[in-house]
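Chemist: Model the structure of this input:
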Amino acid sequence: MEWKLDKTSRTPLYQQIVDELERKISYGEYPPGTRLLPERKLAEKLEVNRMTVVHAYDELSARGFLERKRGSGTIVSSTNWGVFSKNETNWRRYVEGGSFRTSYPLVQRIREMVSEGDIDFDLASGELSKDLFPTELLQHCLKTCPFPEDLSYVHQQGFLPLRKTLSSHLKEAYRIKASPSSILITSGAQQALYLITQCLLSPGDAIAIEAPSYLYSLPLFQSAGLRIFGLPVDENGIIPRDAQKLYKEKNIRMIFLNPTYQNPTGTVLNKKRRKHILEIAESLGIPVVEDDPFSSLSFEEHHHKPIKSYDTNGNVLYIGSLSKVAASSLRIGWITGPEAVIQRLGEAKQQMDFGLSVFPQTIANELLQSSSFLIHQHHLIRELKERRDEMIQALKDVLGDEITFSIPMGGLHILGKLNKKVSDKQLVEQTIKNKLLYMPGSIYGMGDGYVRFTFARLRKEKIRDAIGRFSQSLHSL
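Modeler: Reported below is the predicted structural model:
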């Protein structure tokens with residue numbers, strides 16, 4: 001055996017052995033009948049426990065790659081060669097060979113449970129509960145909005161009437177000046193991030209993101225071959241000079257920020273730092289990508305102006321969406337920035353999907369123009385604040401000094417730190433057994449023991465029961 005195991009990798013050691021042996025068999029390096037090293041000798045060679053090798057051999061035998069006979073050892077299968085027959089494709093090699101990375105195992109596990117639906121309390125999903133969607137308003141928009149006469153492909157940057165409406169909306173709500181030609185409609189904010197990483201950056205480029213950040217849970221940066229460096233977050237957001245330092249040390253080419261009610265911390269980058277990070281980015285000649293899903297969900301009397309509203313030189317790409325305020329399945333997001341950049345991203349999007357369907361864009365246009373949309377926003381903020389307060393009280397009453405947390409002044413989440421040592425993986429599995437989901441801090445780049453609870457996904461009367469169920473899970477470890 002010539003290879004060495006990577007003991008720092010997220011991939012389990014037994015899986016690394018499985019993958020390497022499968023590759024060698026697939027490529028003919030170990031032809032049928034090849035006798036492999038005995039379990040104990042291979043374990044010694046790879047410096048792992050013998051049971052790690054046993055596990056790997058068992059899995060390969062179950063798939064038909066190996067034959068294990070008492071007294072004869074382990075050999076490459078000569079009769080049941082399964083996926084290597086001429087009439088059958090080894091699809092696993094294709095699936096694992098692409099450049100697009102899969103989500104982290106814990107994220108996959110939680111999403112799997114969400115989709116199965118066998119859960120009593122969902123504190124993980126970062127979206128609204130059914131009763132908070134403006135269902136009646138959307139139904140009204142669907143009935144009253146004019147059916148588009150032209151059903152051909154829309155402009156590569158999106159439905160022009162919607163871009164005009166967004167231009168007015170951004171100016172009135174956020175003091176952002178953006179012409180329709182400087183706006184691109186996307187299928188939610190995540191597609192906006194994907195387009196930016198694929199079109200404006202190259203493999204090997206260094207970027208800066210907040211630490212912690214929900215972006216750590218997105219594999220799109222790894223898929224693009226980018227090098228990620230963290231900007232620590234305190235109670236007032238990132239410290240701008242940290243970005244300046246990273247530029248000198250790592251030559252970062254872009255800064256990604258979620259400055260208002262940041263996910264997962266709930267912090268707000270203060271006005272002084274917003275202006276400072278913009279000044280630094282301008283002086284260094286690097287862009288800032290501002291992801292702003294929560295500005296419209298503020299519990300404070302005053303709203304925080306986006307970094308983009310201070311941008312006079314076109315250094316900021318601003319991302320917004322209707323996912324957190326209307327409906328995640330509407331799939332309406334947008335990017336605004338310099339026209340040349342927006343045109344480039346629009347051209348790439350057209351190559352991907354020939355543009356978003358005109359129907360959700362028409363509905364979104366009607367929604368944003370409706371006088372009832374502002375009423376919905378006020379109602380939504382009031383409901384979310386009540387649920388946040390209910391969760392805060394439940395955390396104090398049920399968990400008490402077992403958890404430390406800060407109180408968010410907007411958004412959908414509360415981040416807490418458990419005051420005893422726990423394993424994220426074990427706690428997630430225990431809560432799943434108890435039919436509850438939450439997001440562990442490790443997927444955001446934090447250590448074990450941090451928890452992110454979404455207070456928007458459950459009705460107010462269920463929140464205390466959910467925290468009680470979490471407490472039971474924690475105590476049963």
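Chemist: which residues of the stretch 251-400 of the chain fall in strands?
Modeler: Listed from the start of the chain, the stretch 251-400 of the chain has strands (DSSP state E, counting those that start in this stretch) covering 252-257, 288-291, 316-321, 333-336.
Chemist: Show me what the first one is in contact with.
Modeler: Going back to what we said before, that points to strand 252-257. Counting by C-beta atoms under 8 Å, 6 or more residues apart in numbering, strand 252-257 makes contact with 193, 196, 200-201, 205-210, 213, 215, 229, 231, 238, 243, 246, 269, 277, 281, 286-291, 307, all of which sit outside it. Glycine gets a C-beta too; all of them are placed from N, C-alpha and C.
Chemist: before we move on, back to that, and the strands of the stretch 251-400 of the chain as JSON lines, adding mean pLDDT, mean neighbour count and distance to S72?
Modeler: Converted to JSON lines, the strands of the stretch 251-400 of the chain look like this (pLDDT from 0 to 100; neighbours: other C-beta atoms under 10 Å; distance: least, C-beta to C-beta, whole Å):
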{"stretch": "strand 252-257", "mean pLDDT": "97", "mean neighbour count": "23", "distance to S72": "56"}
{"stretch": "strand 288-291", "mean pLDDT": "98", "mean neighbour count": "26", "distance to S72": "59"}
{"stretch": "strand 316-321", "mean pLDDT": "97", "mean neighbour count": "26", "distance to S72": "61"}
{"stretch": "strand 333-336", "mean pLDDT": "98", "mean neighbour count": "26", "distance to S72": "60"}
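Chemist: Return the distance of stretch 317-325 from the chain's centre.
Modeler: Relative to its chain's centre, stretch 317-325 lies at 14 Å (C-alpha atoms, centre = their mean, to the nearest Å).
Chemist: what about the residue lying closest to L399 once chain neighbours are set aside, neighbour count?
Modeler: Taking C-beta to C-beta, 6 or more residues apart in numbering as the measure, L399 lies nearest to S471, with 5.8 Å between them; neighbours along the chain are not counted. A total of 17 residues lie near S471 under the criterion other C-beta atoms under 10 Å.
Chemist: Check which helix or strand S471 maps to.
Modeler: When secondary structure is defined by DSSP states H and E, S471 falls within helix 460-476.
Chemist: Just the CA atoms of that helix, as PDB, please.
Modeler: Taking C-alpha atoms only, helix 460-476 is exported to PDB below (Å, rounded to 0.1, in the frame of the first residue of the first chain):
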ATOM      1  CA  LYS A 460     -45.600  30.800  19.500                       C
ATOM      2  CA  GLU A 461     -47.400  28.300  21.700                       C
ATOM      3  CA  LYS A 462     -45.000  25.500  20.600                       C
ATOM      4  CA  ILE A 463     -41.700  27.200  21.300                       C
ATOM      5  CA  ARG A 464     -41.500  26.400  25.000                       C
ATOM      6  CA  ASP A 465     -42.300  22.800  24.400                       C
ATOM      7  CA  ALA A 466     -39.500  22.700  21.800                       C
ATOM      8  CA  ILE A 467     -36.900  24.100  24.200                       C
ATOM      9  CA  GLY A 468     -38.100  21.600  26.700                       C
ATOM     10  CA  ARG A 469     -37.600  18.800  24.200                       C
ATOM     11  CA  PHE A 470     -34.100  20.100  23.500                       C
ATOM     12  CA  SER A 471     -33.300  20.200  27.200                       C
ATOM     13  CA  GLN A 472     -34.400  16.500  27.500                       C
ATOM     14  CA  SER A 473     -32.100  15.700  24.600                       C
ATOM     15  CA  LEU A 474     -29.200  17.500  26.200                       C
ATOM     16  CA  HIS A 475     -29.600  15.900  29.600                       C
ATOM     17  CA  SER A 476     -29.900  12.400  28.100                       C
END
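Chemist: Please work out the average pLDDT along it.
Modeler: Along helix 460-476, the predicted confidence averages to a pLDDT of 96.
Chemist: Check which helices and strands it sits against.
Modeler: Using 3 or more C-beta pairs under 8 Å, 6 or more residues apart in numbering; DSSP states H and E as the contact test, the elements touching helix 460-476 are strand 121-122, helix 372-394, helix 424-433, strand 436-437, strand 450-454.
Chemist: Tell me what angle it forms with helix 372-394.
Modeler: Compare the direction of helix 460-476 with that of helix 372-394 by axes from the mean of the first three to the mean of the last three C-alpha atoms, to 10 degrees and you get 40 degrees.
Chemist: Could you report the neighbour count for the closest residue to F359 other than its chain neighbours?
Modeler: Spatial nearest neighbour of F359, excluding adjacent residues (C-beta to C-beta, 6+ apart): P148 at 7.8 Å. The number of residues packed near P148 is 14, by other C-beta under 10 Å.
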